[in-house]
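Let me see the structure of the following:
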Amino acid sequence: METLLEELTPSTSLPLQVIAVRLVLSIVLGGVLGFERELADRPAGLRTHMLVCLASATFAIVSVEIISMPVFNDQHVRADPLRLVEAITAGVAFLAAGFIIFKRGQIRGLTTGAGMWLAAAIGLAAGLGLWVIAGLTCLLGTIVLAFIRRLEASFNPRKAADPPPRR
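Below you'll find the predicted structure:
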């Protein structure tokens, strides 16, 4: 019975604690971006950004694990880590595009889509264990989302008076 269980759950190259920290960090960092979007009453808020970030981190960890699996050590199998970035970028771009609306000569949701794309990048960095890049990107993204919005509102009072889109 124990060998069947071991066969069904192959060991990972990364310790379970490292995997857990990477995944939790991705949720926390995605949540920081999502919280700002939630405060701005945008459709893709806290949970959406957290899930996008977590999914990216999971894909990153899975790709690290795939590369280290003995079954893929064959000379006929090639692993290209850049394909991971391409796949996540394409998938999240498709998801983010759903938030972009052109209505009455105005574009709405572009920043929300960009925020989701950024959450995916942060999740990818967290999943690969690139903590400094993930944290710095989250900090800079939050500054752009929260503080630049205030700056824009001070230069364009009409934009600040526009009500946020309804969910």
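
In the protein, what helix or strand scores lowest on average pLDDT?
Counting by mean pLDDT, DSSP states H and E, the weakest-scoring helix or strand in the chain turns out to be helix 157-161, with a mean of 54.

so the nearest residue to R42 once chain neighbours are set aside, which of the three states?
Using C-beta to C-beta, 6 or more residues apart in numbering and skipping residues adjacent in sequence, the residue nearest R42 is T112, 4.8 Å away. (C-beta placed from N, C-alpha, C; glycine too.) With DSSP: H, G, I helix; E, B strand; the rest coil as the basis, T112 sits in helix.

My guess is T112 contacts A44. True?
Yes. The pair T112 / A44 is scored as a contact, 4.7 Å apart, by C-beta atoms under 8 Å.

Could you tell me which residues touch both of those two?
With contacts taken as C-beta atoms under 8 Å, 6 or more residues apart in numbering, T112 and A44 have R37, A96, F99 as neighbours in common.

picking that back up, OK, contacts around the residue nearest to R42?
T112 makes contact with R37, R42, P43, A44, A96, F99, according to C-beta under 8 Å, 6+ apart.

Now do the contacts for the residue nearest the centre of the chain.
In the chain, the centroid-proximal residue (C-alpha atoms, centre = their mean) is A120; its distance is 2.2 Å. Shown in contact with A120 (C-beta under 8 Å, 6+ apart): V52, C53, A55, S56, I88, T89, G91, V92.

hmm, back to that, could you single out the nearest of the contacts of T112 to L139?
Of all the contacts of T112, R37 has the smallest distance to L139: 15.7 Å, by C-beta to C-beta.

Show me what the helix or strand the closest one falls within is packed against.
Assigned by DSSP states H and E, R37 falls within helix 16-39. With contacts defined as 3 or more C-beta pairs under 8 Å, 6 or more residues apart in numbering; DSSP states H and E, helix 16-39 has these neighbours: helix 46-68, helix 110-127, helix 131-142.

follow-up on the earlier one: out of the contacts of A120, which are buried?
Among the contacts of A120, the ones that count as buried by 16 or more other C-beta atoms under 10 Å are V52, C53, A55, S56, I88, V92.

G34: neighbouring residues, count only.
By other C-beta atoms under 10 Å, 26 other residues sit near G34.

excluding its backbone neighbours, what's nearest it?
Leaving aside its sequence neighbours, G34 sits nearest to H49 (C-beta to C-beta, 6+ apart; 3.0 Å).

Pull the number of nearby residues for the one you found.
The burial count for H49: 31, using other C-beta under 10 Å.

and what of L51?
The number of residues near L51, taken as other C-beta under 10 Å, comes to 18.
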